[in-house]
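Enquirer: need the 3D shape of this:
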Amino acid sequence: MKHYTLKVIAYILAIIGFTILSSIWCYFYISQILYNSQWLITIYTDHFLACIGIPLAAIGAGIVVILFESKSGPIKFEIFNFKFEGSSGEVIMWILIFISESLMLKLVW
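Expert: Residues are numbered from 1 along each chain as shown. Predicted structure coming up:
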């Protein structure tokens with residue numbers, strides 16, 4: 001039971017962390033628009049994919065891994081006779097999801 005409560009606390013802290021970081025990002029972005037700061041808007045319009053797309057892909061990959069692991073238990077899979085279990089499975093899955101989302105953004109953009 002103790003392990004279960006630590007896992008729940010870790011998930012809650014991860015969600016709170018994502019919420020706080022995204023709120024700070026949104027506040028900074030909106031304040032730059034309201035105070036008419038042109039240098040940041042120029043960077044965003046010229047490099048939108050690097051400024052917004054890639055960080056959102058990283059957050060999205062993290063959310064997918066967290067939700068998948070919380071619903072189905074520890075992540076275990078095998079690629080080319082390499083077995084990934086536990087934390088290594090989560091890290092490899094995050095990397096694969098992030099790379100696929102980044103390639104998708106590059107193809108669409």
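
Enquirer: could I get the average pLDDT for the longest helix that the chain contains?
Expert: The helix that spans the most residues within the chain, counting by DSSP state H, is helix 2-34. The predicted model gives helix 2-34 an average pLDDT of 81.

Enquirer: and the next helix or strand after that helix, how far out from the chain's middle?
Expert: Moving toward the C-terminus from helix 2-34, the first helix or strand encountered (DSSP states H and E) is helix 38-46. Put simply, helix 38-46 sits 23 Å off its chain's centre (CA atoms, centre = their mean, to the nearest Å).

Enquirer: what's the answer for stretch 90-99, then?
Expert: 10 Å.

Enquirer: how about it, which residues are buried there?
Expert: For stretch 90-99, a neighbour-count test (16 or more other CB atoms under 10 Å) marks Glu90, Ile92, Met93, Trp94, Ile97, Phe98 as buried. Yep, even glycine has a C-beta here, placed from its N, CA and C like the rest.

Enquirer: packing partners of the longest helix of the chain?
Expert: The elements that helix 2-34 packs onto, with contact taken as 3 or more CB pairs under 8 Å, 6 or more residues apart in numbering; DSSP states H and E, are helix 38-46, helix 54-72.

Enquirer: against Leu6, how distant is the most centrally placed residue in the chain?
Expert: By CA atoms, centre = their mean, the mean C-alpha position of the chain lies nearest to Ile59, the distance being 1.5 Å. Using CB to CB, to the nearest Å, Ile59 is found at 23 Å from Leu6.

Enquirer: re the thing from before, what's the angle from the longest helix of the chain to helix 54-72?
Expert: Counting by axes from the mean of the first three to the mean of the last three CA atoms, to 10 degrees, helix 2-34 lies at 160 degrees to helix 54-72.
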